[in-house]
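Enquirer: output the structure for:
(one chain, ligands or ions: 1)
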Amino acid sequence: MAFELPLPPTPVLETERLILRPLELRDAPAFQRCFPDWELLKYLHAGIPWPYPPDGAETNTRESLEKRARGERFYWVITLKDGDDEAIGRIDLWPFDGQLRDMRGFYLGRAYWGRGLMTEAADAVTDYAFRVLEWPFLYLTNAVPNVASHRVKEKQGAELIGTEPAAYMSGEYPREVWLLTREAWIARRPAASLPRRG
Ligand SMILES: CC(C)(COP(=O)(O)OP(=O)(O)OC[C@H]1O[C@@H](n2cnc3c(N)ncnc32)[C@H](O)[C@@H]1OP(=O)(O)O)[C@@H](O)C(=O)NCCC(=O)NCCS
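Expert: Alright, predicted model coming up:
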């Protein structure tokens, strides 16, 4: 079946500059340092507490680990290969539930924006979804004004299939819905981009 649950354990994925490893509770302090930043949060879905509480990252990490233990989502911590293993961002992936057209989420600490790092991370996770899990498609979304997130999807070859109303931290904006199919991904990418399984 295409989106079988429970999901398998989260593998380690490696790219040219990054190691994506499974989220752990020890990552919460790093997220508590970089996440409470309005520029980072403003186009994330409404509902994140603001001002961000001092235990916000720990609460979120615990909840994420529970969802992962139930086999519902993958959570990768993004770390730099030439860094100290500290989390600089996160990327999540989950299967299509038949309704919500959204299957991936990501953010990066502001100090790391604009170097192509999320494109690299998203490519590894997308390759895993299509080549290893053999999912047939990914629905992806972003707020219309979130140009950087829009651009990551565009660079991946996703097709913009529509917009719909949505509520974000900074207000209501249409959200763009994108479709990336396994067929289109495999046709564009050589098999050499296969991620390493941990
Ligand atoms: C979205 C986000 C993950 C992008 O990470 P990143 O590593 O900076 O992204 P990349 O460098 O891989 O690519 C960003 C692209 O957007 C472009 N871009 C960024 N800001 C832009 C802007 N204001 N206008 C036009 N293009 C912009 C970059 O130039 C780049 O495109 P290019 O490679 O053609 O030059 C990062 O900005 C972030 O964490 N934002 C806050 C959280 C968030 O919004 N997450 C997504 C929710 S849907």
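
Enquirer: in this protein, spot the helix with the most residues.
Expert: Scanning the chain for the helix with the most residues, using DSSP state H, yields helix 56-69.

Enquirer: and the contacts of that helix?
Expert: Around helix 56-69, the neighbours that count as contacts under C-beta atoms under 8 Å, 6 or more residues apart in numbering are 10, 22-25, 27-29, 31-32, 35-36, 48-49, 53, 73-75, 92. C-beta: built from backbone N, CA, C; applies to glycine.

Enquirer: inside helices: which ones of the residues you listed?
Expert: The subset of those located in helices under the criterion DSSP H comprises 28-29, 31-32.

Enquirer: list only buried entries from those.
Expert: Of the members of those, the ones counted as buried by neighbours, 16 or more other C-beta atoms under 10 Å, are 28, 31-32.

Enquirer: can you give me the helices for this structure?
Expert: With DSSP H as the criterion, the chain has helices spanning 28-34, 38-41, 56-69, 117-127, 147-155, 182-188.

Enquirer: next, count neighbours for the residue nearest to residue 31 when sequence neighbours are not counted.
Expert: Take residue 31 and drop its neighbours on the chain: the residue closest to it by C-beta to C-beta, 6 or more residues apart in numbering is residue 57, 3.9 Å away. Around residue 57 there are 21 other residues, counting by other C-beta atoms under 10 Å.

Enquirer: residue 91 touches residue 79, doesn't it?
Expert: No. Applying C-beta atoms under 8 Å, one finds residue 91 not in contact with residue 79, separated by 11.5 Å.

Enquirer: more neighbours, the two?
Expert: With other C-beta under 10 Å as the criterion, residue 91 and residue 79 differ in neighbour count, and residue 91 comes out ahead with 24 against 19.

Enquirer: for the more buried one, name its beta-bridge partners.
Expert: residue 76, residue 106 (DSSP bridges).

Enquirer: now do it, the pLDDT please.
Expert: You'll see residue 91 listed with a pLDDT of 98.

Enquirer: show me what contacts it?
Expert: Neighbour list for residue 91: 20, 75-76, 78, 104-106, 118, 121-122, 125 [criterion: C-beta under 8 Å, 6+ apart].

Enquirer: go on, residue 184?
Expert: For residue 184, the contacting residues are 157, 159, by C-beta under 8 Å, 6+ apart.

Enquirer: so what's the residue count around residue 80?
Expert: Neighbourhood size, residue 80 [other C-beta under 10 Å]: 14.

Enquirer: mind listing what it touches?
Expert: 17-19, 88.

Enquirer: give the bridge partners for it, please.
Expert: residue 18.

Enquirer: now it: how far from the ligand?
Expert: With distances taken as C-beta to the nearest ligand atom, to the nearest Å, residue 80 is found 12 Å from the ligand.

Enquirer: got a pLDDT number for the residue nearest to residue 31?
Expert: 98.

Enquirer: flag every buried residue along the helix or strand of the chain with the lowest mean pLDDT.
Expert: Within the chain, judged by mean pLDDT, DSSP states H and E, the helix or strand with the poorest mean is helix 182-188; its value is a mean of 95. Within helix 182-188, the residues that qualify as buried by neighbour count (16+ other C-beta under 10 Å) are 182, 184-185.
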